[in-house]
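A.B. asks: Model the structure of this input:
(one chain, ligands or ions: 1)
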Amino acid sequence: MSPPEINQSLVRIACYVSVLIVLCVFEILRPYREPSLPRVKRWLDNLGITLVNNILLTLSLAPVLSASIAYAGRVRTGLFYIFEFHFLLKLFLTVIIMDFLLYIWHLLNHVVPFFWRFHRVHHSDLNMDVSTATRFHFGELAISALIKASIILFLGADIVGLLVFDVLVLATAQFQHSSLRVSERFERWYWLLFVPPSMHRIHHSVVIRERDSNYGTIFSIWDRILRTMTRNVDQDKIRIGVGAYPDFNRLRFLFLLLMPATRKVK
Ligand SMILES: [Zn+2]
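C.D. replies: Reported below is the predicted structural model:
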């Protein structure tokens with residue numbers, strides 16, 4: 001199948017739904033911790049936000065991303081066209097470079113107050129499970145899509161590379177947010193290169209020092225190299241959420257949409 005024939009949206013949705021179902025079953029069978037809040041209510045909010053975001057992105061910024069891929073290919077602009085790497089090397093570099101830039105973007109979401117206004121929607125979830133992985137404010141995703149369009153032009157990234165990266169980001173984000181009991185041995189090995197649930201659980205702690213660390217999505221190496229990694233936290237004592245938002249009944253769908261425009265919180 002040639003790249004233009006790939007139905008990108010269908011691949012993304014199929015991967016998202018399959019991983020969601022598998023992890024959801026394992027969360028019920030082997031939970032890391034039992035949810036302290038009504039699962040159905042949280043899932044309605046989180047999956048409602050996911051659905052609204054996808055409709056808005058498909059209508060607004062997906063065409064911008066497709067146009068930048070098409071433009072880079074037409075005028076052969078970007079690093080990958082200049083150096084003409086082998087297909088597999090290009091794929092590998094796309095994933096590595098895009099993941100590093102995602103790490104930087106995630107870090108900026110924590111240190112720049114304007115970006116934190118949007119990103120706190122993701123962190124305000126008081127339980128963490130696979131549904132948290134796609135609980136983002138549309139504003140954050142929109143800014144992120146515009147940055148991504150510029151990176152596509154800079155790299156000259158193609159559809160296949162970007163699709164592989166998107167699917168990996170989505171699946172690894174779903175895994176690391178899941179409330180899944182994973183064997184310590186597996187985590188120890190996985191943590192050497194990738195981000196296991198325990199590493200990301202620390203990132204969702206109400207303790208700001210812990211929250212402002214462990215920014216990686218696919219690879220854990222960026223946190224290791226740039227010294228933003230936190231380990232050795234008692235996992236059973238981690239309280240999930242943002243300290244300023246302790247009340248689940250106020251953190252419902254409509255408030256989450258308005259949250260970036262509400263008072264400033266740490
Ligand atoms: Zn974060």
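A.B. asks: what's near enough to touch the nearest residue to residue 129 once chain neighbours are set aside?
C.D. replies: Distances taken as Cβ to Cβ, 6 or more residues apart in numbering put residue 179 closest to residue 129, at 4.3 Å, once the chain neighbours are dropped. Just so you know, the C-beta spots here come from the backbone N, C-alpha and C atoms, and that holds for glycine as well. Contacts of residue 179 were listed using Cβ atoms under 8 Å, 6 or more residues apart in numbering, and they are 27, 31, 32, 33, 35, 127, 128, 129, 130, 197.
A.B. asks: Backbone torsions only: list them for residue 219.
C.D. replies: Taking degrees, to the nearest 10, you get phi -100, psi 140 for the backbone angles of residue 219.
A.B. asks: In space, what's closest to it - neighbours in sequence excluded?
C.D. replies: In space, residue 219 is closest to residue 99, 5.5 Å off (Cβ to Cβ, 6+ apart).
A.B. asks: From residue 59, how far off is that neighbour?
C.D. replies: Between residue 99 and residue 59 the distance is 27 Å, computed by Cβ to Cβ, to the nearest Å.
A.B. asks: if we can go back for a sec, what separates the residue nearest to residue 129 from residue 200, distance-wise?
C.D. replies: From residue 179 over to residue 200 (counting by Cβ to Cβ), the distance is 11 Å.
A.B. asks: pLDDT value on the residue nearest to residue 220 when sequence neighbours are not counted, please?
C.D. replies: Using Cβ to Cβ, 6+ apart and skipping residues adjacent in sequence, the residue nearest residue 220 is residue 195, 5.0 Å away. Note for residue 195: predicted pLDDT of 96.
A.B. asks: my read: residue 195 touches residue 215, true?
C.D. replies: No - using Cβ atoms under 8 Å, residue 195 is not in contact with residue 215; the gap is 9.3 Å.
A.B. asks: how about the helices in this structure?
C.D. replies: With DSSP state H as the criterion, the chain has helices at 8-29, 39-59, 62-75, 79-83, 87-111, 113-123, 138-155, 159-177, 184-193, 197-203, 208-211, 221-225, 253-258.
A.B. asks: Just name the most buried of those helices.
C.D. replies: Each of those was scored by mean neighbour count; the highest is helix 197-203, a mean of 21, by mean count of other Cβ atoms under 10 Å.
A.B. asks: Excluding covalently adjacent residues, which one is nearest to residue 94?
C.D. replies: Sequence neighbours aside, residue 161 is the residue nearest to residue 94 in space, at 3.4 Å (criterion: Cβ to Cβ, 6+ apart).
A.B. asks: And the one you found, how close does it get to residue 263?
C.D. replies: Counting by Cβ to Cβ, the gap from residue 161 to residue 263 is 41 Å.
A.B. asks: State the number of residues packed around residue 129.
C.D. replies: Neighbour count for residue 129, taken as other Cβ atoms under 10 Å: 25.
A.B. asks: again, but for the one 4 residues further on
C.D. replies: Other residues lying near residue 133 total 27 when counted by other Cβ under 10 Å.
A.B. asks: what's near enough to touch it?
C.D. replies: Residue 133 is in contact with 170, 173, 174, 176, 177, 178, counting by Cβ under 8 Å, 6+ apart.
A.B. asks: Residue 223: which of these is nearest?
C.D. replies: Nearest to residue 223 among the contacts of residue 133: residue 176, at 12.4 Å, using Cβ to Cβ.
A.B. asks: Quick check: that closest one touching residue 196?
C.D. replies: Yes - using Cβ under 8 Å, residue 176 is in contact with residue 196, at 6.6 Å.
A.B. asks: what about the stretch 1-150 of the chain, any weak spots by pLDDT?
C.D. replies: Applying pLDDT under 70 to the stretch 1-150 of the chain flags the ranges 1-6.
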